[in-house]
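Participant: sequence below, structure please.
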Amino acid sequence: MSVVPVQAVTEAGAVPPGAGERAGHGLAAPLAPRARLLPALGAVYRAQLSRARVARIPLLFVATFQSVGIMVLMRGVVDSPEEARAVVSGSSVLVVAFVALNLLAQYFGQLRAGGGLDHYATLPVPPAAVVLGAAGAYASFTVPGTVVTALIGCGLFQLPMANLWVLAAVLPLAGAALSGLGAFLGLLAPRQELATLCGQLGMSAALLLGVLPAERMPTLIGYARDLLPSTYGVEALSRTFEPHPDWLAVGADLGVCAAVGLLSLALATWAFRRAASR
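Facilitator: Numbers count the residues shown, from 1 in each chain. The predicted structure follows:
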């Protein structure tokens, strides 16, 4: 009987030396230890980023064009600086909602329907690494579109651009919150079509509740707006367009967005374990 060579032990965990020889003599080889979170997260992120690059870039153009088109339409409707700030910040975060929420819900719904979760379940990687890696990869595609949308919006509504550096905090926090929500919806949906529907409804909610000025919404709709994870990212960005931004309020909004992001990613990890165990 020929002996299969065994590769060296990697940092993330692999088969120990001599396991192939023991298996060749009828002895049971020990299972490889589970990979640590950070190396596994990096591997999943790179794989997802490479996989989604070709397919998702055209959709990113669609998301950016959609947000810019909404701002152009709203240009003739808004009549106050407060409303202009709401439209620009909401349209910018809408790009994140389109990719991180809508497309990620569809991806995990397709993964569950096609048996892809079984593949990930057999790998020695933590479920959190799969969820975080996929969420991070999808959220990364929103960076160019969000920046372009914010720049165009500032030009359309004559808003200052000096504080657009806040996008460096808004993007990852709002992206984490919306990605976790998208993964949660996609993993819980019993059918792929329902996952797609949930993603579309979530993006529509981000459009209606995030782009429209809060002052024009009924009280009941305002409560629903407070429950949307991206609302706090929109509010944080909107405050930076004020002549004298309240940075404590900006930090508070970003803190709430971070807490919601951690909660949504934790729920998505739980949903992944639940779906993979079935």
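
Participant: give me the low-pLDDT residue ranges for the stretch 51-200 of the chain?
Facilitator: Along the stretch 51-200 of the chain, segments meeting pLDDT under 70 span 51-57.

Participant: grab the most central residue of the chain for me.
Facilitator: Closest to where the C-alpha atoms of the chain average out (CA atoms, centre = their mean) is S179, at 2.5 Å.

Participant: ends of stretch 71-80, what's the gap?
Facilitator: Using CA to CA, to the nearest Å, one end of stretch 71-80 lies 14 Å from the other.

Participant: next, the buried residues of stretch 165-172.
Facilitator: Buried residues in stretch 165-172, counted by 16 or more other CB atoms under 10 Å: 166-167, 169-172. To be clear about C-beta, it is placed using only N, CA and C from the backbone, and glycine gets the same treatment.

Participant: is it true that A86 touches A214?
Facilitator: Yes. Applying CB atoms under 8 Å as the test, A86 and A214 come out as touching, 6.6 Å apart.

Participant: re the thing from before, name the nearest residue to the residue nearest to the centre of the chain, sequence neighbours excluded.
Facilitator: Nearest residue to S179, sequence neighbours excluded (CB to CB, 6 or more residues apart in numbering): A135, at 3.4 Å.

Participant: show me what whichever strand or helix holds that neighbour is packed up against.
Facilitator: Secondary structure assignment for A135, by DSSP states H and E: helix 127-140. If contacts are counted by 3 or more CB pairs under 8 Å, 6 or more residues apart in numbering; DSSP states H and E, helix 127-140 sits against helix 37-75, helix 104-113, helix 167-188, helix 247-276.

Participant: so how far is the helix or strand that comes right after the shortest one from its chain's centroid?
Facilitator: If you walk from helix 104-113 toward the C-terminus, the next helix or strand you reach (DSSP H and E) is helix 116-122. Using CA atoms, centre = their mean, to the nearest Å, the mean C-alpha position of helix 116-122 is found 21 Å from that of the whole chain.
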